[in-house]
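Participant: pasting a predicted model and its sequence here:
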Amino acid sequence: MRQILKVQIKDNKEYLIDISDSSFAKLNQEVFEYTKGQKRLVIMSKKVYKLYSGDLNFSDDEIFILPDGEKEKNYNNYLKIIDRAIQIGLTRKDVIIAVGGGVVGDIAGFAASTYMRGIDFIQIPTTLLSAVDSSVGGKTAIDLPQAKNVIGTFYQPKKVFININFFNTLDDRQYKSGLGEIIKYAFIEESCNYKIPLYLFEFLTLSCQKILEREPLTIIRMIEYCLNLKIAVVSQDEKESGLRKILNFGHTLGHALETITNYKKYAHGEAVIYGMIFIIELSYKREYISYSYYKLSMDLFEKYGFKSLKCKYPTEKLIEIMKKDKKATSKNITLIVPCEKKQVREIKLTPLDIEYAMKELYK
Ligand code: GLY
């Protein structure tokens, strides 16, 4: 099975996303055809290299292996990638390919966008999370010790190849972390201004079993639904000056949890799940949503085995981190909250409001 989606952004930028369950041999052939005549620099995480270098036909001298983990998305590794690009003589006509999860995609994209002022870039996501989120939409970044994603660019890939066979080696925790970003789209569907109702909330409720069993056709459909929503958002607001902020639903507390635990305790999607549950609980307490929507939402999380956080981190510290969020102003913290079923809006709360809500919810 195969689905092709088109991303169309202003200034005539457009590219295709190819979602399929075809063999790795076919993937190799397609990537090689697509990059014919170009020199390739392939950034791969160590784990992906171990698992898939035999299936993927890249030669060792075109592969740069990035150690695993968020902490590797740093300036030193960025310079090493650039150094390698210079060493192999990559020119403006050539291409950088990311094969991995969000960390690899972000740093490889940043390198592609800055090397010689920008060269071609291809994303081959190997995790469910990067397939439904970071591989599409053009956000690239590296982290500094002080903050995540603080240096970066908006730089769209030339093509995204999503092959769901990579997900067979994800452990349960990684797979379910991807479901965190997927559930996010169910809560924002109607705010995305996508032309056709997808009923993602209902789809995720009814197909839970098949999704957890990783049934290939259901997975392809689920990715297609999420990406249709993401494409709708990104094509209206590539640089996150407005609408795109809704993609950060659940991320304000989510990022704070990742930061306070030094990116070691929570996978990104897990942190986003806790963030979404927190904001839904807060919204119910503040009467932004009805009890029935609150209950329906909690039932969806429960169906997938997700529970609310038992927060043992100092509230004041979490808030200090939230204040450094790119969307925060000097006085307020910006939050994306649910308002109606499948709709979200932006609100600004003072740190004190959030502190009060957290103390109430996590007492
Ligand atoms: N991950 C959120 C975005 O792409 O805007």
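Facilitator: Perfect, thanks for sending it.

Participant: right, and residue 361 touches residue 278 too?
Facilitator: Yes: counting by CB atoms under 8 Å, a contact exists between residue 361 and residue 278, whose distance comes to 6.7 Å. All C-beta spots, glycine's among them, are computed from the backbone N, C-alpha and C.

Participant: what sits against residue 93?
Facilitator: Contacts for residue 93 were tallied using CB atoms under 8 Å, 6 or more residues apart in numbering; they are 38, 119.

Participant: quick check: neighbours shared by residue 361 and residue 278?
Facilitator: Shared contacts of residue 361 and residue 278, defined by CB under 8 Å, 6+ apart, are found at residue 308.

Participant: the more surrounded of these two?
Facilitator: Higher neighbour count among residue 361 and residue 278: residue 278, with 24 against 15, using other CB atoms under 10 Å.

Participant: tell me which element that one falls in.
Facilitator: Assigned by DSSP states H and E, residue 278 falls within helix 268-285.

Participant: pLDDT of that helix, averaged?
Facilitator: Summarised as a single mean, pLDDT over helix 268-285 is 95.

Participant: may I see the buried residues of whichever helix or strand comes after that helix?
Facilitator: Under the assignment DSSP H and E, the closest C-terminal helix or strand after helix 268-285 is helix 291-303. Of the residues in helix 291-303, those with enough neighbours to count as buried (16 or more other CB atoms under 10 Å) are 293-294, 297-298, 300-301.

Participant: try stretch 61-75
Facilitator: Within stretch 61-75, the residues that qualify as buried are 63-66, 68, 70, 72-74, counting by 16+ other CB under 10 Å.

Participant: restricted to strands, list those residues.
Facilitator: Among the buried residues of stretch 61-75, DSSP state E puts 63-66 in strands.

Participant: closest one of these to residue 219?
Facilitator: For residue 219, the nearest member of these is residue 66. The distance, counting by CB to CB, is 25.8 Å.

Participant: so how far is the ligand from the closest one?
Facilitator: Summarising the geometry, the distance separating residue 66 from the ligand, computed by CB to the nearest ligand atom, to the nearest Å, is 20 Å.

Participant: what about the closest residue to residue 190 other than its chain neighbours, how many residues close to it?
Facilitator: If you skip the residues right next to it in sequence, residue 190 has residue 342 as its closest partner in space, 4.2 Å away by CB to CB, 6 or more residues apart in numbering. The number of residues packed around residue 342, counting by other CB under 10 Å, is 21.

Participant: what of residue 334?
Facilitator: The number of residues packed around residue 334, counting by other CB under 10 Å, is 17.

Participant: please list all residues in contact with residue 132.
Facilitator: Residues counted as contacts of residue 132 (CB under 8 Å, 6+ apart) are 178, 181-182, 185, 222-223, 226-227, 230.

Participant: follow-up on the earlier one: assign the residue nearest to residue 190 to helix, strand or coil.
Facilitator: Counting by DSSP: H, G, I helix; E, B strand; the rest coil, the backbone at residue 342 sits in coil.

Participant: ok, it - contacts?
Facilitator: Contacts for residue 342 (CB under 8 Å, 6+ apart) come out as 186-191, 200-201.

Participant: check residue 362 too.
Facilitator: For residue 362, the set of contacting residues under the criterion of CB under 8 Å, 6+ apart consists of 309-311, 315.

Participant: most neighbours among the residues you listed, which one?
Facilitator: residue 309 (19 neighbours).

Participant: could you see whether the ligand lies near the helix of greatest length in the chain?
Facilitator: When secondary structure is assigned using DSSP state H, the longest helix within the chain turns out to be helix 216-236. No: for helix 216-236, no contact with the ligand is found by CB under 6 Å from any ligand atom; the gap never falls below 7.0 Å.

Participant: after that helix, heading C-terminal, what element do we hit next?
Facilitator: If you walk from helix 216-236 toward the C-terminus, the next helix or strand you reach (DSSP H and E) is helix 251-260.
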